[in-house]
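In: Pasted the sequence and its predicted model underneath.
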Amino acid sequence: MLPATPAAVGDERLIGTWTNLMPRSDGIRRFEIVRDPQGMNVHLWYDCPSGDCDVGHYRLDFSGSTPTYEYNSSNRRRVTHLTLQTLNVLHVRIELFENGAWYKRNHWVFTKSTISETLKSAFSRYFEASGEKAFAMAPGMYSYQHSQASLDSAKQKALEHCEKRAARSCFLILVNNDPAE
């Protein structure tokens, strides 16, 4: 009798290269998620003065409600939560701890390398737009509004326009230039 093959751990939709839509000088520029025999690993590159700095490989943990990984350096512990918004859009929330105490939370939006040129262009136009703005998505559909009189108006119009064309409910992924929580 052959030994049983353990079930694969993780969500296959996470596999691939992901790029930060809003990179900062102190943040993750990109990461790659790969499968190995024990599960999945994240390979991280941070933005640094010399370009992309490789900060290593970390095991993805699928035991909670969202996949997470931990990265520790310079007396800081970073717990990163990955929430798949659509097939090509990922919300990344990083909880930062220093000397054992929580002190900061960062939110970012990442896109997969397989994102369509149309969606890349839409994100580019969105980030270049001025005024109060919001970006809404549903699987296979997006809408954004900009130059609105208020942030509430931008959110409402982005959701309404997306939902007119989507088969599923839309949700906000960006408000002004920040990830929606």
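Out: Structure's in. What do you need? These numbers come from a predicted model, not from an experiment.
In: Count the residues that sit near Ser143.
Out: Ser143: 21 surrounding residues under other CB atoms under 10 Å. Every C-beta, even on glycine, is put in place using the N, C-alpha and C of the backbone.
In: and it, helix, strand or coil?
Out: strand (DSSP: H, G, I helix; E, B strand; the rest coil).
In: Contacts only, for it.
Out: Contact partners of Ser143, counting by CB atoms under 8 Å, 6 or more residues apart in numbering, are 135-137, 158-159, 161-162, 165, 170.
In: Could you do Ala180 as well?
Out: By CB under 8 Å, 6+ apart, the neighbours of Ala180 are 134, 171-174.
In: what do you get if the cut-off is 10 Å, keeping everything else the same?
Out: Contacts for Ala180 were tallied using CB atoms under 10 Å, 6 or more residues apart in numbering; they are 85, 91, 107, 109, 134-136, 155, 171-174.
In: where does this structure have low pLDDT?
Out: By pLDDT under 70, the low-scoring segments of the chain are 1-9, 167, 181.
In: Nearest residue to Ser130 in space, please, no chain neighbours.
Out: Once flanking residues are discounted, Ser130 sits nearest to Ser147: 6.2 Å by CB to CB, 6 or more residues apart in numbering.
In: same question but for Ala129, I mixed them up
Out: For Ala129, the spatially nearest residue (CB to CB, 6+ apart) is His146, at 3.5 Å.
In: Enumerate every residue touching Asp61.
Out: Asp61 neighbours (CB under 10 Å, 6+ apart): 9-10, 39-40, 67-70, 79.
In: All the strands of the protein, in order from the start?
Out: 16-20, 28-36, 39-48, 51-59, 68-73, 76-86, 89-98, 101-112, 132-138, 141-148, 171-175, 178-179 (DSSP state E).
In: Ala122 is nearest to which of these?
Out: strand 141-148 (6.1 Å; CB to CB).
In: For the contacts of Asp61, give me TSV that also has neighbour count and distance to Phe97.
Out: As requested, the contacts of Asp61 are exported to TSV (neighbours: other CB atoms under 10 Å; distance: CB to CB, whole Å):
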residue	neighbour count	distance to Phe97
Val9	14	25
Gly10	16	25
Gly39	15	24
Met40	22	23
Pro67	22	19
Thr68	19	13
Tyr69	20	14
Glu70	13	10
Val79	16	7
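In: The residue nearest to Ser130 reaches Lys133, doesn't it?
Out: Yes - look at Ser147 against Lys133 with CB atoms under 10 Å: they come within range, at 7.3 Å.
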